[in-house]
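S.K.: make a model of this:
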Amino acid sequence: ISGGNLELKKARVSVAEAIQTALETCRPFFEQRRQVVSTKVDASLYAFADPTRLAQIVSNLLHNACKFTPEEGRVEVSLSYEQGRAVIRVTDSGVGIGPEQLGRVFEMFTRIEASATTQSGGLGIGLALSRKLATLHDGDISVASEGPGKGSVFTFSLPAEVGSVPPEAEPAAPTPRSK
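M.R.: Coordinates of the predicted model:
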């Protein structure tokens, strides 16, 4: 990505399907920690995106939420349409992030201090990678937390449109017959 050698394979994709793929990927981690995952997803949103990378971004956010949320904690995933953008929010009941660390969350190799009740393993590249992938999709990722012990909200947005059926699946218009 840093060298500009990553080629995205963009197509009109369902954002909800990308979220579902990410949830399926992360489900074993949530089950192992007995965490409750809830979703509130607008299934009518489509984006011009690389479906694999879109799911990867959401998976990274979900893995992060799982790692920093204690056992039996809660994680909520929502998808809404706001000002021409698909907005994905991953909200957790985890350890939260202190104000002094919020600005560093997306820096490469940064690891946020965590309590003994969380799985804090990792190299500190997932969120930095996610932000770079989001940028390649004309998107953005931000984080908010009211502080230690108060959970976190990661928000990923990218340009989107509302639609019920992808153009490829729409029936072709009848062609006029010549006489």
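
S.K.: I figured F48 hits K10, correct?
M.R.: Yes: using CB atoms under 8 Å, F48 is in contact with K10, at 5.4 Å. All C-beta atoms are positioned from the backbone trio N, CA, C, and that covers glycine.

S.K.: work out the gap between stretch 148-166 and the centre of the chain.
M.R.: How far stretch 148-166 lies from its chain's middle: 7 Å, per CA atoms, centre = their mean, to the nearest Å.

S.K.: pLDDT below threshold where in this protein?
M.R.: When the per-residue scores of the chain are filtered using pLDDT under 70, the ranges that remain are 1-5, 108-124, 164-179.

S.K.: quick one, helices of it?
M.R.: 15-32, 51-67, 99-102, 126-136 (DSSP state H).

S.K.: which of those is buried the deepest?
M.R.: helix 51-67 (a mean of 23; mean count of other CB atoms under 10 Å).

S.K.: packing partners of that helix?
M.R.: Packed against helix 51-67, as judged by 3 or more CB pairs under 8 Å, 6 or more residues apart in numbering; DSSP states H and E, are the following elements: strand 11-14, helix 15-32, strand 74-82, strand 85-92, helix 126-136, strand 152-159.

S.K.: only the C-alpha atoms, please, for that helix, written as CSV.
M.R.: Provided in CSV are the C-alpha atoms of helix 51-67 (Å, rounded to 0.1, in the frame of the first residue of the first chain):
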residue,chain,number,x,y,z
PRO,A,51,-15.4,-6.2,-1.7
THR,A,52,-12.4,-8.1,-0.3
ARG,A,53,-10.8,-5.0,1.0
LEU,A,54,-14.1,-3.6,2.3
ALA,A,55,-14.7,-6.8,4.3
GLN,A,56,-11.0,-6.6,5.5
ILE,A,57,-11.5,-3.1,6.9
VAL,A,58,-14.6,-4.1,8.8
SER,A,59,-12.9,-7.3,10.0
ASN,A,60,-10.1,-5.3,11.4
LEU,A,61,-12.5,-3.1,13.3
LEU,A,62,-14.4,-6.1,14.6
HIS,A,63,-11.2,-7.9,15.7
ASN,A,64,-10.1,-4.7,17.5
ALA,A,65,-13.5,-4.5,19.3
CYS,A,66,-13.2,-8.2,20.3
LYS,A,67,-9.7,-7.9,21.6
